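Asker: what shape does this take:
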Amino acid sequence: MRKTTQLKQLILAPELLVMPGAFDPISARIIQEAGFSAIQCSGYGISVTRLGLPDYGFLGMPDMVAATQGIVDAVDLPVMADGDTGFGNAVNAWYAVKAFERIGCAGVNIEDQVMPKRCGHLEGKSIVSIEEAVAKIRACADARVDPDFVINARTDALAIGGIDEVIRRGNAFMQAGATMIFIDGMTDKALARQAVQGIKGPVAINVVEGGKSPGQFTFAEMQAMGLARVSLPGTLVLAAIQGMRDAIAAVKANGYAGGPGARLADFGELKQVTGFAEVLTLEKKYLADLQQSTTR
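Answerer: Sure thing, here's the model as predicted:
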């Protein structure tokens, strides 16, 4: 089954689809290793780890496509790209969908923020007109070759126009060809329930630890209210930052590498997650005869 079809079926299934956010190939492999069914690329995580800068539109389309390519190639799961605003107008968005589909993504997020965009859980957002946003979603839907390629139409309207504007945009995006409506910056469980009831199509949210997400909003509650998908864009990058801080603090405090306070993976785990066994197998297959000849 194509990855696009897999992702679409997971979205339309009655069970909630939980998509942790990956920011590089290793984080993607850890998500796959944990048994999740699909991966969401985290634009914030990619910007943080590639540039050391926040999610503020600093990465252009070629940068995001290149970063996403490594994630897609590292795993066997469907991967949803983060297409930000489509990197411009509807024409730019059309080309962005082409680029992400060409590298093997199963879908893409496209949002209605004004460029330069920012993380949906921050203040100061602006959104384009509904007419401009609809044109962009229509261009994305027209650009896809595979009809199952998921157009995840994100709206940041909740913080600006409230839930009524979210529902209005969501339904307009569905009519324009979106597969799912992604409401960023969801702040309240009651509002999430209202969105599910008012939008004529699958509804997704994200949960950002320390952001605007409702406290202890469990996956069971999300599924019970009919949400189709939840992404966790910050979980692994936040864990990585804290893990690195703990490890380097332990080095400084202990006076040697490792030791108390440093929670480190075993070196064997590093080799396992990076596929070193496969490299050794290929080495034996193709280089063994060459190595023998050089020792004679």
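Asker: do a quick rundown of the helices in the stretch 151-296 of the chain.
Answerer: For the stretch 151-296 of the chain, applying DSSP state H, counting those that start in this stretch gives helices covering 158-175, 189-198, 219-225, 235-254, 267-273, 276-294.
Asker: got those helices as CSV, with mean neighbour count columns?
Answerer: Quick note: C-beta positions are derived from backbone N, CA and C, even for glycine. Shown next, in CSV, are those (neighbours: other CB atoms under 10 Å):
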stretch, mean neighbour count
helix 158-175, 19
helix 189-198, 17
helix 219-225, 15
helix 235-254, 14
helix 267-273, 12
helix 276-294, 10
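Asker: want to throw the ones you listed into a markdown table with distance to residue 183 and mean pLDDT?
Answerer: Formatted as a markdown table, those follow (distance: least, CB to CB, whole Å; pLDDT from 0 to 100):
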| stretch | distance to residue 183 | mean pLDDT |
| --- | --- | --- |
| helix 158-175 | 6 | 97 |
| helix 189-198 | 6 | 97 |
| helix 219-225 | 12 | 97 |
| helix 235-254 | 19 | 96 |
| helix 267-273 | 33 | 93 |
| helix 276-294 | 41 | 84 |
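Asker: and of the ones you listed, who's closest to residue 84?
Answerer: Checking the helices of the stretch 151-296 of the chain against residue 84 by CB to CB gives helix 158-175 as the closest, at 16.0 Å.
Asker: give me the distance from that closest one to the chain's centre.
Answerer: Counting by CA atoms, centre = their mean, to the nearest Å, helix 158-175 is centred 21 Å from the centre of its parent chain.
Asker: for the helices of the stretch 151-296 of the chain, which one sits closest to residue 113?
Answerer: Per CB to CB, nearest to residue 113 of these: helix 158-175, 9.8 Å.
Asker: chain neighbours aside, what residue packs nearest to residue 100?
Answerer: Take residue 100 and drop its neighbours on the chain: the residue closest to it by CB to CB, 6 or more residues apart in numbering is residue 81, 4.3 Å away.
Asker: name the residues that touch the one helix or strand in the chain whose mean pLDDT sits lowest?
Answerer: Least confident helix or strand of the chain, by mean pLDDT, DSSP states H and E, is helix 276-294 with a mean of 84. Outside helix 276-294, the residues that touch it by CB atoms under 8 Å, 6 or more residues apart in numbering are residue 271.
Asker: compute the distance between residue 281 and residue 287, please.
Answerer: 11 Å (CB to CB, to the nearest Å).
Asker: where do the strands of this structure begin and end?
Answerer: Applying DSSP state E to the chain gives strands spanning 17-22, 39-41, 79-82, 107-111, 150-155, 180-183, 203-206, 229-232.
Asker: next, format these as JSON lines and append mean neighbour count, distance to residue 70 and mean pLDDT.
Answerer: Compiled in JSON lines, the strands of the chain are given as follows (neighbours: other CB atoms under 10 Å; distance: least, CB to CB, whole Å; pLDDT from 0 to 100):
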{"stretch": "strand 17-22", "mean neighbour count": "25", "distance to residue 70": "10", "mean pLDDT": "98"}
{"stretch": "strand 39-41", "mean neighbour count": "29", "distance to residue 70": "10", "mean pLDDT": "98"}
{"stretch": "strand 79-82", "mean neighbour count": "29", "distance to residue 70": "10", "mean pLDDT": "98"}
{"stretch": "strand 107-111", "mean neighbour count": "28", "distance to residue 70": "16", "mean pLDDT": "98"}
{"stretch": "strand 150-155", "mean neighbour count": "28", "distance to residue 70": "20", "mean pLDDT": "98"}
{"stretch": "strand 180-183", "mean neighbour count": "28", "distance to residue 70": "23", "mean pLDDT": "98"}
{"stretch": "strand 203-206", "mean neighbour count": "26", "distance to residue 70": "22", "mean pLDDT": "97"}
{"stretch": "strand 229-232", "mean neighbour count": "24", "distance to residue 70": "19", "mean pLDDT": "98"}
